[in-house]
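Enquirer: need the 3D shape of this:
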Amino acid sequence: MGSGIVEVLARTGLDVIGVEVDEAGVARAREALEHSTARAVARGKLTETEATALHRRVRYATSLEAVAGCGLVVEAVPEHLDLKKEIFAALDRIVGPDAVLATNTSSLAVTEIAVATANPRRVVGLHFFNPAPVLSFVEVIRTVVTDEGVVSDVVELARRLGKQPVVVGDKAGFIANALLFGYLNHAVSMYETRYASREDIDAAMRLGCGLPMGPLALMDLIGLDTAYEILDTMYRQGRDRLHAPSPLIKQMVSAGWRGRKSGRGFYTYASPGASGVVPDALTPNSVAVSGDSVRPITRVGVVGSGTMATGIVEVFARAGYPVTVVARSPEKADAVVAAVSRSVARAVDKGRMTHTAAASAVERVSPSASADDLGEVDLVVEAVVEELEAKQELFRTLDKACRPGALLATTTSSLPVIELAAVTSRPEDVVGMHFFNPAAVMKLVEVVSTVSTAPEVSATVVELCGSLGKRPVSCGDRSGFMVNALLFPYLNDAVRMLEAHYATADDIDTAMKTGCGYPMGPFELLDVVGLDVSLAIQRELYLEFRERGYAPAPLLEHLVTAGYLGRKTGRGFRTYS
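Expert: Have a look, this model is predicted:
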């Protein structure tokens, strides 16, 4: 991080003095800077001339006295409060009276660091994100005593550096880490309790939410020791149980498993500092499940006529499976076939399908208005309205209409699968098969097994998903499954941050998009999903886990009561034309 900040400053034409603890540290810093700039030159982001000029602007030292004439000093040492206070007290005596002292801390109280100086008014937080030369977001943290002129000057400098600064108060985690690390900690707990494998948890969040990295891989990149310190600091300041570090993190740090930098964390790496993951004892066997443990699936049925049902029909038809689609009326069933026909026609226009393949896919779809036409299928996927009683009534009907041994799957995103299985005479054949919208595009499918689901049924659906070109992830039957259980508490935390007036919706969205690489900010996403849908999921999570932190934020409740449901009503957290 220190080398990255040096590069950012020097790229802008500023003269920079990089101070390290000893000559070995200086050598590592110089090597890191040279490697980074060489990579930028190779990618066409810097010219050779610019890189040479950048290096000429950087001097190195092993004594704090070297910064005596600087107008700004940025501290980027390890996250230990006593160490930072000691450095700031020394800097306060060394630099001139008009110099600004900034800390790059990601979690510690800037106020506690500032009071170690004789002039805390000139101390500010300047939190860059890693890698600093690449990520454009910067959090500028003002304490209750920081001079407003200092804040303004630092914001202006951040803009000069090509960054997007957001000014926030001195609260543990600031914006990005306060939202990010609760989510990461929850993912570790999910893995620790063996609810899902590390690969499935990471794949679920990458493919289901479009995140650049899965949470466990991100923990390895950040460093488990760093993550532990940040969570511990946030917990001690806020006493939120959801920020109490998962015990597994401390155990792994004690074992020396600190992530990529040590070569071992949640994953095993080729060498310390390497990014390439190598197989270990926990790596799943790539051999497909086969033989007597997997039931043959040659014909499927889909019940429903909405967007999700239509997408699922298309997925099966394009993969070569004959599909019987059952809707409430012949007209609705025919509308599904027409929608599939339009979708594959667009795929042909875009060069993604041939005319022959598109015609064959449509021919495989048989419309019907009667569940009796599902008597010979091997699997039925239910995709009707997200209401328990309606789904239970449908499963009673399917239980009678389908042959013995046929699998009954639900694509519910929040309801308990076991409550659907329990109304049938074949609970061992009932499984969750949660597609993501749009089903024809999204690669992820959550395969949800209840306490009654037979192992071969789960194995069958996992293998089937692979034949559809999907990435199945396996989990147990509890509220939210994987994706929603990790996603919606994070969204709820963002709403709480907004209603506490800590930051604006725009600033919070900016923090998560530019600081963490998320495709959408939390409020953009809430408005797209629908605030009523989000509230219903959050209520289900709270009832399931009884965590106080999962209770829906009052602001979310109030917006839904007012009818502000997001884009579909023209108003949610933002107003739409």
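
Enquirer: gap between the closest residue to A358 other than its chain neighbours and V115?
Expert: Of all residues not flanking A358 in the chain, V344 sits nearest, at 4.0 Å (Cβ to Cβ, 6 or more residues apart in numbering). Quick note: C-beta positions are derived from backbone N, CA and C, even for glycine. Separation of V344 from V115 (Cβ to Cβ, to the nearest Å) stands at 66 Å.

Enquirer: counting contacts, what elements does the helix or strand hosting the residue nearest to A358 pack onto?
Expert: Assigned by DSSP states H and E, V344 falls within helix 330-349. Counting contacts by 3 or more Cβ pairs under 8 Å, 6 or more residues apart in numbering; DSSP states H and E, helix 330-349 packs against helix 307-318, strand 323-326, helix 355-363, strand 365-368.

Enquirer: what's the angle from that helix to helix 355-363?
Expert: Between the axes of helix 330-349 and helix 355-363, defined by axes from the mean of the first three to the mean of the last three Cα atoms, to 10 degrees, the angle is 160 degrees.

Enquirer: tell me the buried residues in helix 330-349?
Expert: 332-333, 335-337, 339-340, 343-344, 347 (16 or more other Cβ atoms under 10 Å).

Enquirer: ok, back up a step: pretty sure the residue nearest to A358 is touching M353, no?
Expert: Yes - using Cβ atoms under 8 Å as the test, V344 is close enough to M353 to be in contact (5.9 Å).

Enquirer: what is in contact with these two at once?
Expert: When contacts are counted by Cβ atoms under 8 Å, 6 or more residues apart in numbering, the set common to V344 and M353 consists of 318, 361.

Enquirer: remind me which residues of the stretch 1-150 of the chain are low pLDDT?
Expert: Within the stretch 1-150 of the chain, no range satisfies pLDDT under 70.

Enquirer: buried sites along the helix or strand bottoming out on mean pLDDT in the chain?
Expert: One helix or strand of the chain scores below all others by mean pLDDT, DSSP states H and E: helix 224-238, with a mean of 90. For helix 224-238, a neighbour-count test (16+ other Cβ under 10 Å) marks 224-235, 237 as buried.

Enquirer: which parts of the stretch 101-250 of the chain are strands?
Expert: 123-128, 137-142, 164-169 (DSSP state E, counting those that start in this stretch).

Enquirer: distance-wise, check the residue nearest to P97 when sequence neighbours are not counted relative to T460.
Expert: Among residues not flanking P97 along the chain, N119 sits closest, at 7.4 Å (Cβ to Cβ, 6+ apart). According to Cβ to Cβ, N119 and T460 sit 69 Å apart.

Enquirer: kindly report the same for A503.
Expert: 47 Å.

Enquirer: L207 contacts K443, doesn't it?
Expert: Yes - look at L207 against K443 with Cβ under 8 Å: they come within range, at 4.8 Å.

Enquirer: got any residues that touch both of those two?
Expert: Shared contacts of L207 and K443, counting by Cβ under 8 Å, 6+ apart, come down to R471.

Enquirer: any weak-confidence spans in the stretch 201-350 of the chain?
Expert: Low-confidence segments of the stretch 201-350 of the chain (pLDDT under 70): 286-292.

Enquirer: apply 50 and report the result again.
Expert: Residues of the stretch 201-350 of the chain meeting the criterion pLDDT under 50: 287-291.

Enquirer: ok, now how distant is the residue nearest to E23 when sequence neighbours are not counted from L248?
Expert: Leaving aside its sequence neighbours, E23 sits nearest to T62 (Cβ to Cβ, 6+ apart; 6.3 Å). Relative to L248, T62 is positioned 38 Å away (Cβ to Cβ).

Enquirer: same question for G476.
Expert: Here G476 is placed at a distance of 18 Å from L248 (Cβ to Cβ).

Enquirer: likewise E387?
Expert: Distance, E387 to L248, by Cβ to Cβ: 38 Å.

Enquirer: so P552 sits against D493, correct?
Expert: No - judged on Cβ under 8 Å, P552 makes no contact with D493 at a distance of 11.5 Å.

Enquirer: for the stretch 51-200 of the chain, which segments count as helices?
Expert: 81-94, 110-114, 148-160, 176-192, 198-209 (DSSP state H, counting those that start in this stretch).

Enquirer: those helices: which one's closest to L242?
Expert: Taking Cβ to Cβ, helix 176-192 is the member of the helices of the stretch 51-200 of the chain nearest to L242, at 5.2 Å.

Enquirer: and that closest one, how far out from the chain's middle?
Expert: A distance of 10 Å separates the centroid of the chain from that of helix 176-192, by Cα atoms, centre = their mean, to the nearest Å.

Enquirer: who are the packing partners of it?
Expert: Under the contact criterion of 3+ Cβ pairs under 8 Å, 6+ apart, helix 176-192 touches helix 198-209, helix 215-222, helix 224-238, helix 247-254, helix 483-499.

Enquirer: make TSV from those and add distance to A401 to it.
Expert: Below are those laid out as TSV (distance: least, Cβ to Cβ, whole Å):
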stretch	distance to A401
helix 198-209	32
helix 215-222	41
helix 224-238	51
helix 247-254	46
helix 483-499	30
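
Enquirer: isn't A76 up against N104?
Expert: Yes - applying Cβ under 8 Å, one finds A76 in contact with N104, separated by 4.3 Å.

Enquirer: ok, F174 - contacts?
Expert: Applying Cβ under 8 Å, 6+ apart, the residues near F174 are 106, 125, 127, 139, 141, 168.

Enquirer: residues contacting the first one?
Expert: By Cβ under 8 Å, 6+ apart, the residues touching S106 are 79, 127, 173-174, 177, 230.

Enquirer: quick one, the helix holding V344 and helix 307-318 angle?
Expert: 60 degrees.

Enquirer: picking up where we left off before, E387 and L248: who's more crowded?
Expert: Higher neighbour count among E387 and L248: L248, with 15 against 11, using other Cβ atoms under 10 Å.

Enquirer: I figured the more buried one hits N185, correct?
Expert: No - using Cβ under 8 Å as the test, L248 is too far from N185 to be in contact (10.1 Å).

Enquirer: for stretch 399-410, buried residues please.
Expert: The neighbour-count check on stretch 399-410 (16+ other Cβ under 10 Å) flags 399, 401-402, 406-410 as buried.

Enquirer: go through the residues you listed and flag which are in helices.
Expert: Using DSSP state H, the subset of the buried residues of stretch 399-410 located in helices is 399, 401.

Enquirer: closest one of the buried residues of stretch 399-410 to T146?
Expert: Of all the buried residues of stretch 399-410, T146 sits closest to T410, with 54.0 Å by Cβ to Cβ.

Enquirer: isn't the closest one up against T424?
Expert: No - counting by Cβ under 8 Å, T410 does not reach T424; the two are 11.2 Å apart.

Enquirer: mutual contacts of these two, please.
Expert: Counting by Cβ under 8 Å, 6+ apart, the common neighbours of T410 and T424 are 395, 430.

Enquirer: hang on, the earlier thing: closest to A51 out of the helices and strands packed on helix 176-192?
Expert: Nearest to A51, of all these, is helix 215-222, at 25.7 Å by Cβ to Cβ.
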